[in-house]
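Engineer: Quick one, fold the following:
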Amino acid sequence: MVVADPSSFYVEGLQLMRSKSILASLVIAGSVLGLATGSAFAAPKKDFKVAWSIYVGWMPWGYAADSGIVKKWADKYGINIEVKQFNDYVESINQYTAGAFDAVTITNMDALSIPAAGGVDTTAMIMGDFSNGNDAVILKKKDKLSDLKGQKVNLVEFSVSHYLLARALDSAKLRERDVKVVNTSDSDMAGAYKTADVTAVVTWNPIVSEILGSPDAKKVFDSSQIPGEIMDLMVANTAVLKDNPNFGKALVGIWYETITKMLQADADGKAAKEAMAKASGTDLAGFDSQLAATKLFAKPADAVAFTKSKEISETMDRVRKFLFEKELLGKGAKSANVIGIELADKKVLGDSKNVKLRFDPSFMTMAVEGKL
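Structural biologist: A predicted model of the protein is given here:
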């Protein structure tokens, strides 16, 4: 098993964030190395831990735990599943990478740059949604994307916001050298926008909605213009999943039962969304507006179809090249091919002898076929 240099992994990998809180908690390198060695010897077990953090597409996990849906599906398969909320997204990924958790909610880019680049073989087994407007480029008193040229752009460096900026610049035939990136924490972003010095930001909801409440704020690009590229996933340790398929079945069962309930046009559906809205710090209207900017794969057949699509290959090729350019695929990586990414058809992007990220629709397919 190939393991990235731990110091490089923490210094670089911890910068990739999608949380409301960006204070990263470090996990000692020994823990990571211990997992990298031990994960190959995972064995059947009864107790599992799942980590999640606050984001519109991941709120169903907290509701499922609170409402008894998690227990229902765990009991069905004779296992125990603990679902734990993290206020810090990066900490949840660190804990997963260090082996303290068996599964975690994560974006496709961060799955590659942190656990996969850290040597942890990881499987994306639930395609939850993709951002379809939740991430945006916003200018102050300007309304054209081309107006970015020459500006300082405040964003969380090396995050999905940085990736969105790169895609926006490409569409305007600009390059990153045409702007100056200013690393700014997401917790400071809304306040920073109000200062005279800040004229351009890239961020995600609910911060986007807050900033767009200012009359001088103009959205000039958002993730709906790169549909499918910022994916929100449930991933699991590959060895754990292989040795414990009932864990994967339970997670898929939990997910689709919760999503189905949430989208019901009745009092139960409304109550479920209200609970999720409250847990995420907004009201039902605010939660619905964020859902509207999210392409949620409510039906397993749609999630399977997207996971099998050629879009995944094209997107992950862009993502790995972006991460290599930013030196986030491990210290000393000589090309974007250093890590293998296995697609749904078993074809591999990169090194087929070092596959560390896999897109596997097989558990979602069981939901389609009624085999859970």
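Engineer: Could you give the bridge partners of the nearest residue to L164 once chain neighbours are set aside?
Structural biologist: Using Cβ to Cβ, 6 or more residues apart in numbering and skipping the chain neighbours, the partner closest in space to L164 is D135 (5.1 Å). All C-beta atoms are positioned from the backbone trio N, CA, C, and that covers glycine. Per DSSP bridges, the residues bridged to D135 are W204.
Engineer: List the contacts of D135.
Structural biologist: 160-161, 164, 202-205, 208, 222-223, 230 (Cβ atoms under 8 Å, 6 or more residues apart in numbering).
Engineer: ok, and the most crowded of the residues you listed?
Structural biologist: W204 (30 neighbours; other Cβ atoms under 10 Å).
Engineer: Check the gap between that one and V156 for me.
Structural biologist: 9 Å (Cβ to Cβ, to the nearest Å).
Engineer: next one: K273
Structural biologist: 28 Å.
Engineer: measure the residue lying closest to E274 once chain neighbours are set aside to K261 for me?
Structural biologist: Distance criterion Cβ to Cβ, 6+ apart; nearest residue to E274, sequence neighbours excluded, is L284 at 5.2 Å. Remark: distance between L284 and K261 (Cβ to Cβ) = 15 Å.
Engineer: ok, back up a step: just the pLDDT for the residue nearest to E274.
Structural biologist: pLDDT for L284: 96.
Engineer: residues in contact with it?
Structural biologist: With Cβ under 8 Å, 6+ apart, L284 has these contacts: 270, 273-274, 277.
Engineer: The nearest residue to K180 once chain neighbours are set aside and G281, how far apart?
Structural biologist: In this structure, K180 finds its nearest non-sequential neighbour in K152, 4.8 Å apart by Cβ to Cβ, 6+ apart. K152 sits 29 Å away from G281, going by Cβ to Cβ.
Engineer: Looking at the contacts of D135, which are in helices?
Structural biologist: 160-161, 164, 208 (DSSP state H).
Engineer: Return the member of these nearest to A303.
Structural biologist: V160 (19.9 Å; Cβ to Cβ).
Engineer: quick one on the thing from earlier: show me the common contact partners of W204 and V156, please.
Structural biologist: What both W204 and V156 touch, as defined by Cβ under 8 Å, 6+ apart, is the set D186.
Engineer: Can you spell out which helices and strands pack onto the helix or strand harbouring A236?
Structural biologist: Per DSSP states H and E: A236 is located in strand 231-237. If contacts are counted by 3 or more Cβ pairs under 8 Å, 6 or more residues apart in numbering; DSSP states H and E, strand 231-237 sits against strand 103-107, helix 108-111, strand 122-131, helix 245-262.
Engineer: Dump these into JSON lines; add mean pLDDT, mean neighbour count and distance to G62 as well.
Structural biologist: Output for the helices and strands packed on strand 231-237, formatted as JSON lines (pLDDT from 0 to 100; neighbours: other Cβ atoms under 10 Å; distance: least, Cβ to Cβ, whole Å):
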{"stretch": "strand 103-107", "mean pLDDT": "96", "mean neighbour count": "28", "distance to G62": "10"}
{"stretch": "helix 108-111", "mean pLDDT": "95", "mean neighbour count": "27", "distance to G62": "19"}
{"stretch": "strand 122-131", "mean pLDDT": "98", "mean neighbour count": "26", "distance to G62": "14"}
{"stretch": "helix 245-262", "mean pLDDT": "98", "mean neighbour count": "22", "distance to G62": "10"}
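Engineer: These: which one's closest to N94?
Structural biologist: Once the helices and strands packed on strand 231-237 are compared by Cβ to Cβ, strand 103-107 is nearest, at 9.6 Å.
Engineer: CA atoms only: put that closest one into CSV for me.
Structural biologist: Only the C-alpha atoms of strand 103-107 are listed here, as CSV (Å, rounded to 0.1, in the frame of the first residue of the first chain):
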residue,chain,number,x,y,z
ALA,A,103,-17.8,6.2,6.3
VAL,A,104,-18.1,9.9,5.8
THR,A,105,-19.9,12.5,3.7
ILE,A,106,-17.5,14.2,1.4
THR,A,107,-17.2,15.9,-2.0
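Engineer: distance between that strand and the chain's centre?
Structural biologist: Its chain's C-alpha centre and that of strand 103-107 lie 6 Å apart, by Cα atoms, centre = their mean, to the nearest Å.
Engineer: For that strand, which strands pair with it and how are they oriented?
Structural biologist: strand 47-53 (parallel), strand 231-237 (antiparallel).
Engineer: CA atoms only: put the last one into PDB for me.
Structural biologist: Taking Å, rounded to 0.1, in the frame of the first residue of the first chain, the C-alpha atoms of strand 231-237 are listed here in PDB:
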ATOM      1  CA  MET A 231     -20.500  16.000  -6.200                       C
ATOM      2  CA  ASP A 232     -21.700  15.200  -2.700                       C
ATOM      3  CA  LEU A 233     -21.000  11.600  -1.700                       C
ATOM      4  CA  MET A 234     -21.200   9.000   1.000                       C
ATOM      5  CA  VAL A 235     -18.000   7.100   0.900                       C
ATOM      6  CA  ALA A 236     -16.800   4.100   2.900                       C
ATOM      7  CA  ASN A 237     -13.500   2.400   3.600                       C
END
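Engineer: counting contacts, what elements does whatever helix or strand comes next after that strand pack onto?
Structural biologist: Using DSSP H and E, the helix or strand that follows strand 231-237 in sequence is helix 238-243. On a contact count with 3+ Cβ pairs under 8 Å, 6+ apart, helix 238-243 meets strand 122-131, helix 245-262.
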